[in-house]
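Participant: Sharing a model prediction with you, sequence too.
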Amino acid sequence: MANNNMGWDEFEIGAMLRSFDGAITDIALKPQEERNYSDNNSFTASVADWRINKPVYNKDYCIDCQFCWVYCPDVSIISRDKKMIGVDYDHCKGCGVCVEVCPTNPKSLLMFPEQVDEETAVAGWPEKEEKEK
Amino acid sequence: MAGKRREGEIVMAFDKMELNEVEVWDGNFAAAQALRQVQIDVVSAYPITPSTPIVEGYAKFLSDGYIEGEFMMVESEHAAMSGCVGAAAAGGRVATATSSQGLALMAEVLYQASGMRLPIVLNLVNRALASPLNVNGDHSDMYMVRDSGWIQFDAYNPQEVYDLNLIAFRVAEDHGIRLPAVVNQDGFMTSHTASNVRPLSDDDAYAFVGEFKPMNEMLDFDHPVTHGVQTEEDWHFEHKARQHNDLMTKVFPKIEEVFEEFEKLTGRKYNMVEGYMTEDAEVAIVCMGTSVETALEVARELREEGVKAGVVGIRVFRPWPFEYIIETLKGIKAVATLDRSSPNGAMGALYNECAGSLVNSDVKTVLTNYVYGLGGRDLTKAHVREIFADLKANADAGKATTALQQFIGVRGPKLEYL
């Protein structure tokens, strides 16, 4: 819920939430960020506060193959028109599946500790690995 | 009954039934008739003895065209109550019936229903819990779910089963309440014993309960809602607190209001706690179900013999009617609480509830506990006389002259504790 300081007498009864502001007639046709999710919807709320390692995306090596988007178990890879955009850190739990399935060399997604900022991570990106013949 | 329709008459999707002023119904049929009259949208059920004829009755009325609704045949009682939860969350008027083991299997979903604040009405035909397996009446099942957040009414005969069903819907469905309700009746003694029942006409019964008003229904796509959410330590406590608060503060005023309206309509008066001859009583028995009527018969006989005996029946078991019980027991010198469920290592629930109500009140009485009638064992008038004799001795002595807890009507050496 949006306001975590609400008292027992301040919310609607029942184990219920209003996930949308208003009607939901055409949401299937809209990308997530354009849907009328309410503040109570888990799209808006962060459910990733226990992540320790995060995947960082480096667009320089990405070939937009969409493997990470397909395999992510939490729909936390943001891709539009089959172009990779980045990682949704409000929902990513840091499982690392996206990194595992990334086929580029070097990988376009790598795991870093939560506190490392993206710029630093990308600056220290590894070189292409030469495969032994 | 289905008849020839006059021209211009509004054609309903179901037929009405013409009832006699006095019908001869058992408790199960009385419940089924009430479910028909309030036009339940969905009954999701897995029949079990002795409650089977209730949902069977609904199904028959449905197939004969007396109801516009849906009967869901499911694979277990867990699924039965789950079906009720889904249908109620979707926005329908929902009811079911069960007993004993069926209720035990439903238990998980009962907590879901009350936490989700869904006004389902459950006819619970009280029956013993195994082991040993037993199909007869005692109150083990009623007691098992007493903390589940459901309102619990108790009927002592078929007339009350009928009346309390109508009342239960009114209370449960009120938007200020929105809590599910159980209507209890004794297995076989009430459920299968036919007696005179004065029903309301179909129109009057439906008008009394009123059109179902959905709240936050899932099928309202203009106001989409997620039901049955998960909360952890950040929200769970607040939800439970609110439910408890509503049970403690809102339910009794609502029941009072509905009882009053029902009395105006039928002349039949109900109370949270039914006190019979308690005003000047020296000794009294507190009990539930058909035992209330047995105890009352003995109390009347004892009155003629000069003993100031009274009987207290619990009409609303949950929420527990603290203030009403204090008021009713005022001035009574010795009180016996009769529990028809093995406490399995404690005092009986009625003893504990009464003791908890009285301990800080002005009412000082000698309170004792009797465990009786397990697995459908009869409570005879002779048993009740024995209890009243104990109570008279307690009242005269001003203290307990017996053990605080006794088993009555069981074979073997006398069982008494504390």
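Facilitator: The structure has been received and is ready for your questions. From a predicted model like this one, the values you see are computed outputs, not experimental measurements. Residues are numbered from 1 along each chain as shown, chains lettered A, B, ... in the order given.

Participant: who's in contact with the residue sitting nearest the centre point of chain A?
Facilitator: Centroid-nearest residue in chain A, with CA atoms, centre = their mean: residue A:88, separated by 2.3 Å. Applying CB atoms under 8 Å, 6 or more residues apart in numbering or on different chains, we find residue A:88 in contact with A:75, A:76, A:77, A:78. Glycine gets a C-beta too; all of them are placed from N, C-alpha and C.

Participant: what do you get for residue B:269?
Facilitator: Neighbouring residues of residue B:269 by CB under 8 Å, 6+ apart: B:259, B:263.

Participant: what ranges do the helices span in chain A?
Facilitator: Assigned by DSSP state H, chain A shows helices spanning A:67-71, A:97-101, A:118-123.

Participant: Neighbours of residue 65, how many?
Facilitator: Just so you know, I chose chain A. 15 (other CB atoms under 10 Å in any protein chain shown).

Participant: hmm, I had chain B in mind actually
Facilitator: When neighbours are defined as other CB under 10 Å, residue B:65 has 12 of them.

Participant: Can you tell me how far it is from residue B:16?
Facilitator: Going from residue B:65 to residue B:16 by CB to CB, to the nearest Å gives 10 Å.

Participant: and what of residue B:212?
Facilitator: 18 Å.

Participant: Direction included, what does the helix-or-strand element of chain B with minimal mean pLDDT pair against?
Facilitator: Lowest on mean pLDDT, DSSP states H and E among the helices and strands of chain B sits strand B:226-227, with a mean of 92. Sheet pairing for strand B:226-227, assigned by DSSP bridges, gives strand A:16-17 (antiparallel).

Participant: okay, residue A:29: pLDDT?
Facilitator: We have a pLDDT of 88 for residue A:29.

Participant: which ones are touching it?
Facilitator: Counted by CB under 8 Å, 6+ apart, residue A:29 has zero contacts.

Participant: export stretch B:72-79 as CSV, just CAs?
Facilitator: Presented in CSV, the C-alpha positions along stretch B:72-79 are these (Å, rounded to 0.1, in the frame of the first residue of the first chain):
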residue,chain,number,x,y,z
MET,B,72,-21.7,-25.7,-7.5
MET,B,73,-20.8,-29.4,-6.9
VAL,B,74,-17.2,-29.4,-5.7
GLU,B,75,-14.7,-32.1,-4.7
SER,B,76,-14.4,-31.3,-1.0
GLU,B,77,-15.5,-29.0,1.8
HIS,B,78,-12.3,-27.0,1.3
ALA,B,79,-13.4,-26.4,-2.3
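
Participant: Flag every buried residue along it.
Facilitator: B:72, B:74, B:77, B:78, B:79 (16 or more other CB atoms under 10 Å in any protein chain shown).

Participant: how much distance is there from it to the middle of the chain?
Facilitator: 22 Å (CA atoms, centre = their mean, to the nearest Å).

Participant: Same check on stretch B:122-136?
Facilitator: The answer for stretch B:122-136 is 15 Å, by CA atoms, centre = their mean.

Participant: pLDDT weak spots in the chain?
Facilitator: All of this refers to chain A. Low-confidence segments of chain A (pLDDT under 70): A:1-4.

Participant: wrong one, chain B
Facilitator: Across chain B, the ranges flagged by pLDDT under 70 are B:1-13.

Participant: which residues does residue 106 contact?
Facilitator: By default, I'm working from chain A. A:61, A:125, A:126, A:127, A:128, A:129 are the contacts of residue A:106 under CB under 8 Å, 6+ apart.

Participant: could you do chain B instead?
Facilitator: Taking CB under 8 Å, 6+ apart, we find residue B:106 in contact with B:77, B:78, B:80, B:81, B:98.

Participant: picking up where we left off before, roughly how far is the least confident helix or strand of chain B from the heart of the chain?
Facilitator: 29 Å.

Participant: Need the contact partners of stretch B:401-417.
Facilitator: Applying CB under 8 Å, 6+ apart, the set of residues contacting stretch B:401-417 is B:343, B:347-348, B:351, B:367-374, B:377-380, B:383, B:386-387, B:390, B:393-394, B:418.

Participant: which among the residues you listed end up buried?
Facilitator: Taking 16+ other CB under 10 Å as the criterion, what is buried in those is B:343, B:347-348, B:351, B:367-374, B:377, B:379, B:383, B:386-387, B:390, B:393-394.

Participant: Now, those that are in strands?
Facilitator: In this view, these that belong to strands under DSSP state E are B:367, B:368, B:369, B:370, B:371, B:372.

Participant: So in terms of bridging, what pairs with the fourth one?
Facilitator: When bridges are called by DSSP bridges, residue B:370 pairs up with residue B:338, residue B:406.

Participant: show me the residues around it that make contact.
Facilitator: Contacts of residue B:370 by CB under 8 Å, 6+ apart are B:336, B:337, B:338, B:339, B:348, B:387, B:405, B:406, B:407, B:408.

Participant: Farthest pair within the contacts of residue B:106?
Facilitator: B:78 and B:98 (10.7 Å; CB to CB).

Participant: that older thread, for chain B, find the nearest of the helices of chain A.
Facilitator: In terms of CB to the nearest CB, the element of the helices of chain A nearest to chain B is helix A:97-101, at 23.5 Å.

Participant: Can you point out the buried residues in the closest one?
Facilitator: For helix A:97-101, using 16+ other CB under 10 Å, the buried residues are A:97, A:98, A:99, A:101.

Participant: okay, now the residue in the stretch 51-200 of chain B that chain A sits nearest to: neighbour count?
Facilitator: Closest contact between the stretch 51-200 of chain B and chain A, by CB to the nearest CB, is at residue B:117 (3.9 Å). Neighbourhood size, residue B:117 [other CB under 10 Å]: 27.

Participant: in terms of contact, does it touch residue B:178 like I think?
Facilitator: Yes: at 4.2 Å, residue B:117 and residue B:178 qualify as touching, with contact defined as CB atoms under 8 Å.

Participant: what touches both of the two?
Facilitator: Shared contacts of residue B:117 and residue B:178, counting by CB under 8 Å, 6+ apart, come down to A:13, A:14.

Participant: Outline the domain layout of chain B.
Facilitator: Domain assignment for chain B by automatic domain parsing gives B:23-199+B:233-265, B:274-417.

Participant: actually chain A, sorry about that
Facilitator: According to automatic domain parsing, the ranges for chain A are A:10-45, A:48-123.

Participant: what about the longest one, how long is it end to end?
Facilitator: Taking CA to CA, to the nearest Å, the span from the opening residue of domain A:48-123 to its closing residue is 25 Å.

Participant: ditto for stretch B:371-389
Facilitator: Counting by CA to CA: the opening and closing residues of stretch B:371-389 are 16 Å apart.

Participant: Contacts for it, please.
Facilitator: B:128, B:132, B:134-138, B:140, B:187-188, B:283, B:285, B:291, B:294-295, B:297-299, B:301-302, B:307, B:309, B:336, B:338-343, B:348, B:370, B:405-410.

Participant: Quick one: list the elements packing against the strand or helix carrying residue B:286.
Facilitator: Following DSSP states H and E, one finds residue B:286 within strand B:283-287. If contacts are counted by 3 or more CB pairs under 8 Å, 6 or more residues apart in numbering or on different chains; DSSP states H and E, strand B:283-287 sits against helix B:291-304, strand B:309-314, helix B:322-329, strand B:334-339, helix B:349-358, helix B:381-397.

Participant: Including distance to residue B:37, could these go into TSV?
Facilitator: Compiled in TSV, those are given as follows (distance: least, CB to CB, whole Å):
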stretch	distance to residue B:37
helix B:291-304	25
strand B:309-314	25
helix B:322-329	29
strand B:334-339	33
helix B:349-358	32
helix B:381-397	36
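
Participant: Can you give me the end-to-end span of stretch B:32-45?
Facilitator: Counting by CA to CA, the terminal residues of stretch B:32-45 are separated by 13 Å.

Participant: so how far is it off the chain centroid?
Facilitator: Here stretch B:32-45 is found 17 Å from its chain centre; the criterion is CA atoms, centre = their mean.
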